[in-house]
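# Sequence isn't available, so here's the structure alone:
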């Protein structure tokens, strides 16, 4: 009962380029071709795809180095320096989370350890004033130690367990710096809640980096070097092994990859990068305080790497820019108060504009505007003047302020008591409207969208515009929800398939 | 406990034993999965392991590759003990396997899958990788060349444009081939193939049968294979070992094992064995 001689010969004859059913490269690639699209966007995507990685880095550094020439000192600090610092940090986090797939929630502690190490070695706290060429490597090494130790727990801890243990480490670090503050050599080691002030600026071989511009260029160099080095590692056998163990640790181990050692290595490398950022962070702010290294920063970093695309270096850089610039605009204090309003309305218009076909989007937007003016006219005609006499927060110009006042029902700020729990009812109304719209379909949904959008604008003008930091978090949440539905792999990440 | 069937007569030229298992036990809780198993695979031999579902065949592979250690007994590869070594070190010693339920690195490209499994035999660390030293680039070229060579073994099935496609885009049969290529790239002395023909159509099964022969003849590998498809087992095996409930119930040529009443009983039940 051996194999019958009639079994077809399956080695296909002929030219491999010849297309055959089931083994056709054209068919296999068609999905990718469709996704690339046409027009300027498609051209840009194709250009991005074809350009070598070194060119991409060069373009990024070239564009980034023009920033100091058209931003003032304060903006360069908030939008330039901060962004690069976040980008460098996110690159480090990406090694752990993106390359290796370890869910490390204690990452910000390494930043803190690097910062405190720099502070102790380059300040009058203990009277030690070592130069940066010594303190930066030491900060990296000191930060790498807890990275290696925490990484070594990954032998037994996986997934959620590892995440929680590292998160505990971050909280313990916060408590240690803030309240424990052990006395060493007659002084509190971490300075408690006040931290350590008056740090030396970065000084390399006697050359001080004092101005924001100098620090910015130094940080740009650091980001370029870190990004380049990580790119090379990612393409090496180590990077391949990291990807392999992220995909399937058991198969990787059986295929001669020492999974445990590589996890520890990645955690240590990520921590060392965080330590480098910590030293630069401490030097540019000339102080460290315990409050800087908390969960809030961790969330921002995760938002950056998820938004940009886990594992993609270019994506992480882009994610850092998007998240930091929008969160800077939405910071309570900043020099560009009107931008946050444009960000808010721009996002809404963008989301509505994604509706198909296009005339539905136009109908909804036009309907919302008309609906708003109608409601405002009715309210101002039938109620007391204080109901509509509120002034919009931080409107950049008079004309914008007037437009908003004519459109949104806005009770006067000082007279809120007279309007009952107006703000609370606005929130409740928005939630109810959103739920109702969800359950509608077809044209009724469009009709329902109009008051919902108007309520959104009311909530924004009456409540959120006064608490922009809350708005920032809501905005990031919305961004990630939108991304999850449109492009789950992140802006520049490559699509991953979990179950096939 | 049943005594295994006597070993077949040794040929005149004494073959060199590559993989040896001696008195291996493994139990999970109270369930004995491998029961005092002795097994020898000689160099350049193809040995098939057959047995009904739950006979302990895959557990046998897991024990050899170190996924878990045996409760007692010795496992030796080329005279050196494998017991207690972590799986990546056992892979370095020269035992590579495929999985019954495919475990490819699905989101990596075909070529990367075969490059990744060469980690154990290559040396460049992250410092040299960061600097992209000439030595690093040379090693990288060698890794790539070896990967291409392994993929070329499968004819044009895994060639050309497929190299840069993610592994998840491959058909089921090609995934099985890629798993074999990935195992080959660890430069093993013995290949452990866990049901290589599972889920394949007749022509693909025929092809895999030829391939396993070619792996031994051209590739020089020693092969231990678990297989349910008796056509494949008959086509490839120098020797067949039958397991049931972790006990070796028969060993010998395909004809001898296939007609062994205990094997028939294990597969079809007692009455079938009696009426036969």
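Ah, there it is. No experiment lies behind these values; they were computed from the predicted model shown. Numbering: from 1, shown residues only, chains lettered A, B, ... in the order given.
# list the buried ones in stretch B:152-168?
Within stretch B:152-168, the residues scored as buried using 16 or more other CB atoms under 10 Å in any protein chain shown are B:153-154, B:157-158, B:162-163, B:165-168. Backbone N, C-alpha and C define where each C-beta goes, glycine included.
# Among those residues, which ones lie close to chain A?
Counting by CB under 8 Å from any CB of the partner chain, B:165-166, B:168 from the buried residues of stretch B:152-168 sit close to chain A.
# With pLDDT and distance to residue B:139 added, can I get those in a markdown table?
Written out in a markdown table, the entries for these read as follows (pLDDT from 0 to 100; distance: CB to CB, whole Å):
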| residue | pLDDT | distance to residue B:139 |
| --- | --- | --- |
| B:165 | 88 | 25 |
| B:166 | 90 | 24 |
| B:168 | 89 | 28 |
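# from the middle of its chain, how far away would stretch B:52-68 be?
Here the centre of mass of C-alpha atoms in stretch B:52-68, compared against the chain's by CA atoms, centre = their mean, to the nearest Å, lies 11 Å away.
# Can you get me a residue count around residue A:495?
When counting by other CB atoms under 10 Å in any protein chain shown, one arrives at 15 neighbours for residue A:495.
# if we can go back for a sec, between the ones next to chain A among the buried residues of stretch B:152-168, which sits nearest residue A:344?
Proximity of those to residue A:344 (CB to CB) peaks at residue B:166, which lies at 38.7 Å.
# Local confidence estimate at the residue of chain A found nearest chain B?
In chain A, no residue comes nearer to chain B than residue A:256, which is 2.9 Å away by CB to the nearest CB. Per-residue confidence (pLDDT) for residue A:256: 94.
# part of a helix, is it?
No - assignment of residue A:256 by DSSP: H, G, I helix; E, B strand; the rest coil gives coil, placing it outside any helix.
# which one of the ones next to chain A among the buried residues of stretch B:152-168 sits closest to chain A?
residue B:168 (4.5 Å).
# Distance from stretch A:390-409 to the middle of the chain?
When distances are taken as CA atoms, centre = their mean, stretch A:390-409 is centred 31 Å away from the chain's centroid.
# tell me the contacts of residue A:228?
Contacts of residue A:228 were listed using CB atoms under 8 Å, 6 or more residues apart in numbering or on different chains, and they are residue A:57.
# these two touch, right, residue A:226 and residue A:90?
No - Residue A:226 is not in contact with residue A:90 according to CB atoms under 8 Å; the separation is 10.5 Å.
# Tell me which of these two has more neighbours.
Neighbour tally, residue A:226 and residue A:90, criterion other CB under 10 Å: the higher count belongs to residue A:90, 30 against 21.
# can you pull the buried residues of stretch B:17-27?
Within stretch B:17-27, the residues that qualify as buried by neighbour count (16+ other CB under 10 Å) are B:18-21, B:24-26.
# can I get those residues in CSV with distance to chain A?
Formatted as CSV, the buried residues of stretch B:17-27 follow (distance: CB to the nearest CB, whole Å):
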residue, distance to chain A
B:18, 18
B:19, 16
B:20, 20
B:21, 18
B:24, 19
B:25, 22
B:26, 17
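# and those as a markdown table, adding secondary structure?
Written out in a markdown table, the entries for the buried residues of stretch B:17-27 read as follows (three-state DSSP):
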| residue | secondary structure |
| --- | --- |
| B:18 | strand |
| B:19 | strand |
| B:20 | strand |
| B:21 | strand |
| B:24 | strand |
| B:25 | strand |
| B:26 | strand |
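# If we only consider those, which is nearest to residue B:48?
For residue B:48, the nearest member of the buried residues of stretch B:17-27 is residue B:19. The distance, counting by CB to CB, is 13.9 Å.
# Does residue B:223 belong to a helix, a strand or coil?
Secondary structure of residue B:223, per three-state DSSP, is strand.
# cool, and the one 10 residues further on?
Residue B:233 falls in the helix class when you classify it by three-state DSSP.
# mind showing which ranges of the chain have poor pLDDT?
All of this refers to chain A. With pLDDT under 70 as the threshold, chain A has low-confidence stretches at A:1-39, A:332-335, A:337, A:393-397, A:413-420, A:498-500.
# oops, chain B please
Across chain B, residues meeting the criterion (pLDDT under 70) sit at B:1-14, B:270-276.
# for it, what spans make up the strands?
For chain B, strands defined by DSSP state E occupy the ranges B:17-28, B:31-42, B:46-50, B:72-77, B:80-81, B:95-97, B:190-194, B:222-226, B:239-244, B:247-252.
# longest helix in chain B, by residue count?
When chain B is parsed with DSSP state H, its longest helix is helix B:134-152.
# swap in chain A?
Of all the elements of type helix in chain A, the one with the most residues (DSSP H) is helix A:259-285.
# check contacts around residue B:47.
With contacts taken as CB under 8 Å, 6+ apart, residue B:47 has the following neighbours: B:39, B:41, B:223-225, B:237-241.
# Taking the stretch 101-250 of chain B, what residue is nearest to chain A?
Taking CB to the nearest CB, the stretch 101-250 of chain B has residue B:120 as its residue nearest chain A, at 2.9 Å.
# what number of residues lie near residue A:122?
When counting by other CB under 10 Å, one arrives at 25 neighbours for residue A:122.
# ok, it - contacts?
Contacts for residue A:122 were tallied using CB under 8 Å, 6+ apart; they are A:128-132, A:135, A:199-200, A:203, A:283.
# Separate out the buried members of those.
Buried by 16+ other CB under 10 Å: A:130-132, A:135, A:199-200, A:203, A:283, out of those.
# Generate CSV for the residues you listed, with secondary structure as supplementary columns.
What follows is the buried ones among the contacts of residue A:122, written out as CSV (three-state DSSP):
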residue, secondary structure
A:130, coil
A:131, coil
A:132, helix
A:135, helix
A:199, strand
A:200, coil
A:203, strand
A:283, helix
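# so which pair among these is furthest apart in space?
Farthest-apart pair in these is A:131 and A:199; separation 12.9 Å (CB to CB).
# Mind listing what's buried along stretch A:491-498?
Counting neighbours by 16+ other CB under 10 Å, one finds that the buried residues in stretch A:491-498 are A:491-493, A:496.
# I'm done for today, thanks for sticking with me.
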